[in-house]
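Asks: Here is my input, please return the structure:
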Amino acid sequence: MTKVTPIEWTEDLKTSHAGLDAQHKELLTMVNELGEAINQGQGAATMKRLFSYALAYADWHFRYEEELAAKYQCPIAERNLREHTAFRQLIAKFEQKYKEARAAELAGNSNYEILEQLAVTFHQQLNDWIMQHIAIVDKQIGEYVTAVEAAKAEIAVS
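Replies: Numbers count the residues shown, from 1 in each chain. Next up, the predicted model:
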């Protein structure tokens, strides 16, 4: 059985924006829940549940983040949108693969190990996306918004 390591909330993931950081921690909780299920041999069942949650999270969080980036005219806003699309595509791809493997299993082809390996691969790709997106793109958005807000506050005090 494959063992996965939980994603730790580290300084590298902090964006300097409390709202973004709180929402990102929820995403890490979701991915770590999948990791724990994988470690217990229940990755496939948990993965199935996470598809709809991940898309709901994406709708809620990405809207918040995209509105924030647009409001402050963040230079990285366009890349952020592309990466959000890639996240949704990642979820859809794995949901389709899950359905195909599950259909084969129901047709009599034992695919338990295939489904569990799919969960491991899904977890790894979510982990990779999170580490790359939050640590690079979202960090730039958070720092940019914080800098603009600080400049506005300084001007208001002057």
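
Asks: which intervals of this protein have sub-threshold pLDDT?
Replies: Within the chain, the stretches with pLDDT under 70 are 1, 110, 158.

Asks: Do a quick rundown of the helices in it.
Replies: Using DSSP state H, the helices of the chain run over residues 18-39, 43-71, 77-106, 112-132, 139-157.

Asks: Redo these as CSV? Include distance to T10 and mean neighbour count.
Replies: C-beta coordinates here come from the backbone N, C-alpha and C atoms, glycine included. Converted to CSV, these look like this (distance: least, CB to CB, whole Å; neighbours: other CB atoms under 10 Å):
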stretch, distance to T10, mean neighbour count
helix 18-39, 10, 17
helix 43-71, 19, 17
helix 77-106, 20, 15
helix 112-132, 10, 18
helix 139-157, 12, 14
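
Asks: how about the ones you listed in TSV, adding distance to I7?
Replies: Formatted as TSV, those follow (distance: least, CB to CB, whole Å):
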stretch	distance to I7
helix 18-39	5
helix 43-71	14
helix 77-106	15
helix 112-132	6
helix 139-157	16
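
Asks: Compare these and give me the one nearest T2.
Replies: helix 112-132 (4.8 Å; CB to CB).

Asks: check contacts around F62.
Replies: By CB atoms under 8 Å, 6 or more residues apart in numbering, the contact set of F62 is 84, 87.

Asks: gap between it and E83?
Replies: Relative to E83, F62 is positioned 9 Å away (CB to CB, to the nearest Å).
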